[in-house]
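Enquirer: show me the folded form of this:
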Amino acid sequence: MIFALILLVLLGVSALMNVGQLFDSMFRFQTAHTRSAGPQLHEVVVENNRSASKIAVVPIDGIITSMQDRAGFNMVEVVKAQLKKAEDDEDVEAVLLKVDSPGGEVLASDEISGAIRKFQEDSGKPVVVSMGSLAASGGYYVSAPCQWIVANELTITGSIGVIMSTWNYRGLMSKVGIRPFTYKSGKFKDMLSGSREPEEIPAEEREMLQALIDQTYDRFKTVVTDGRKYAHDKNEDKGKALVQNWKDYADGRVLSGKVAHQLGFVDELGNFDTAVNRAKELTGIKRANLVEYRLRVDIADILGLFGQSESRVIKVDLGIEAPKLDAGRLYFLSPTYLH
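Expert: Numbers count the residues shown, from 1 in each chain. This next block holds a predicted model:
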């Protein structure tokens, strides 16, 4: 009986401690979100080579976007947090950027590109790119500042350019007997409106939009020029320099990895293992563990899933994902994704 009483007391104490930890976890999550903390990352060893040295793998998968995920963070914030963690860890010798992306939003691509450039300058650690099946447009934009770029011969890359699209549905409106009435404060306040007749669009509006495209395109070319020059200065004769007429190929066309290598857009042909070996060579180490920084999921993230219902949404899987592009927004996006 005495033993049973002691056991019951111990079980009660354990239950109280578990409840206390549960509420403490929920409280810490709430306070963390009220103070707008950044992404909470934890280190995962993806390849253990029994070494004190590390190479941090940072993936760039899918559309480069500023849209937030369910945890409340976007791709730019996560990549910046991963680079910061790699910079602060003295055991991390290099970062391996694993790119498999058709590109995406202009601003998101530019922020990631700038974060990579700043990481290399502040930490002195090289960033090596391993291009997957697709690293085009914005996918190449984020790769350009890196010290070394590795692509497979069959990688689709290039697509250096800018695109902005909208829809003109005035003809359809006229067919169903709908006429729009627009009240605006200025001549160009309805810029990009799809309810106007094409001949109603002023020539000045077309010129302004084209000037915006050209300005962003010039920025893209500057990022490529500066990035490849930085890489060539760092790598000397080991890497590839841009050919003199490289801008002739920066007209939106996609390139194979083999052609990109010939033109100097990438430094080396190979696969992920090639990029790992190159990172070790650049840092002078023989072995290194490969690590990733992944988002930590806590109890509040799990509870948040129950607050979202998709009961009235029907999804049809056709094996492809339709482009989710906003009209009037600038994109570094490969035509292979648009069509």
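Enquirer: and the helices in the stretch 201-339 of the chain, which stretches?
Expert: Using DSSP state H, counting those that start in this stretch, the helices assigned to the stretch 201-339 of the chain run over residues 203-235, 257-263, 272-283, 299-305, 335-338.
Enquirer: show me where pLDDT drops low in the stretch 51-200 of the chain?
Expert: The model of the stretch 51-200 of the chain has pLDDT under 70 over residues 70-71.
Enquirer: spell out, range by range, the strands that occur in it.
Expert: 54-61, 92-101, 103-105, 127-136, 148-151, 156-158 (DSSP state E, counting those that start in this stretch).
Enquirer: in a markdown table: the helices of the stretch 201-339 of the chain, plus mean neighbour count, distance to Y249 and mean pLDDT.
Expert: C-betas here are computed from N, CA, C, even on glycine. Listed next are the helices of the stretch 201-339 of the chain as a markdown table, based on neighbours: other CB atoms under 10 Å; distance: least, CB to CB, whole Å; pLDDT from 0 to 100:
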| stretch | mean neighbour count | distance to Y249 | mean pLDDT |
| --- | --- | --- | --- |
| helix 203-235 | 15 | 11 | 93 |
| helix 257-263 | 19 | 6 | 97 |
| helix 272-283 | 19 | 23 | 97 |
| helix 299-305 | 12 | 44 | 51 |
| helix 335-338 | 16 | 15 | 56 |
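Enquirer: out of those, which comes closest to G158?
Expert: helix 257-263 (6.0 Å; CB to CB).
Enquirer: need the contact partners of the closest one.
Expert: 131, 151-158, 240, 242-243, 246, 249, 255, 266-269 (CB atoms under 8 Å, 6 or more residues apart in numbering).
Enquirer: coming back round to it: now tabulate the helices of the stretch 201-339 of the chain in a markdown table and tack on distance to A4.
Expert: Converted to a markdown table, these look like this (distance: least, CB to CB, whole Å):
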| stretch | distance to A4 |
| --- | --- |
| helix 203-235 | 72 |
| helix 257-263 | 71 |
| helix 272-283 | 59 |
| helix 299-305 | 33 |
| helix 335-338 | 67 |
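Enquirer: any idea how far R117 is from G284?
Expert: According to CB to CB, to the nearest Å, G284 and R117 sit 23 Å apart.
Enquirer: the more surrounded of these two?
Expert: Legend: neighbour count by other CB atoms under 10 Å for G284 and R117, higher for R117 (18 against 7).
Enquirer: nearest residue to that one other than its sequence neighbours?
Expert: P145 (4.2 Å; CB to CB, 6 or more residues apart in numbering).
Enquirer: what residues are up against the one you found?
Expert: Listed by CB under 8 Å, 6+ apart, the contact set of P145 reads 113-114, 116-117, 120, 127, 223, 226-227, 230.
Enquirer: now swap in A241 and tell me
Expert: 228, 232, 264.
Enquirer: wait, which of those residues is closest to L107?
Expert: For these, the nearest to L107 is R228 (22.3 Å; CB to CB).
Enquirer: my read: that closest one touches F265, true?
Expert: Yes. The criterion here is CB atoms under 8 Å, and R228 meets it with F265 at 7.5 Å.
Enquirer: overlap in contacts of the two?
Expert: When contacts are counted by CB under 8 Å, 6+ apart, R228 and F265 are jointly contacted by L242.
Enquirer: how about the contacts of A241 in CSV, adding distance to E205?
Expert: What follows is those, written out as CSV (distance: CB to CB, whole Å):
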residue, distance to E205
R228, 35
H232, 41
G264, 38
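Enquirer: can you tell me the closest non-neighbouring residue to the residue most central in space within the chain?
Expert: For the chain, I64 is the residue whose C-alpha lies nearest the centre (CA atoms, centre = their mean; 4.0 Å). Counting by CB to CB, 6+ apart, G104 is the residue found nearest to I64 once chain neighbours are left out, at 3.1 Å.
Enquirer: contacting residues around Q82?
Expert: 41, 56, 58, 293.
Enquirer: just give me the closest of these to A211.
Expert: Closest to A211 out of those is V58 (34.7 Å), distances taken as CB to CB.
Enquirer: redo the contacts of Q82 as a markdown table? Include distance to N74 and neighbour count.
Expert: Rendered in a markdown table, the data for those read as follows (distance: CB to CB, whole Å; neighbours: other CB atoms under 10 Å):
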| residue | distance to N74 | neighbour count |
| --- | --- | --- |
| L41 | 15 | 16 |
| A56 | 20 | 27 |
| V58 | 15 | 21 |
| Y293 | 16 | 23 |
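Enquirer: can you put those residues in CSV and add distance to S174?
Expert: Below are those laid out as CSV (distance: CB to CB, whole Å):
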residue, distance to S174
L41, 54
A56, 57
V58, 51
Y293, 54
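Enquirer: so which of those comes closest to L209?
Expert: Lowest distance from L209 to the contacts of Q82 (CB to CB) belongs to V58, with 34.4 Å.
Enquirer: how about that closest one: what's its closest non-neighbour residue?
Expert: Nearest residue to V58 in three dimensions, chain neighbours excluded: Q82, at 4.9 Å (CB to CB, 6+ apart).
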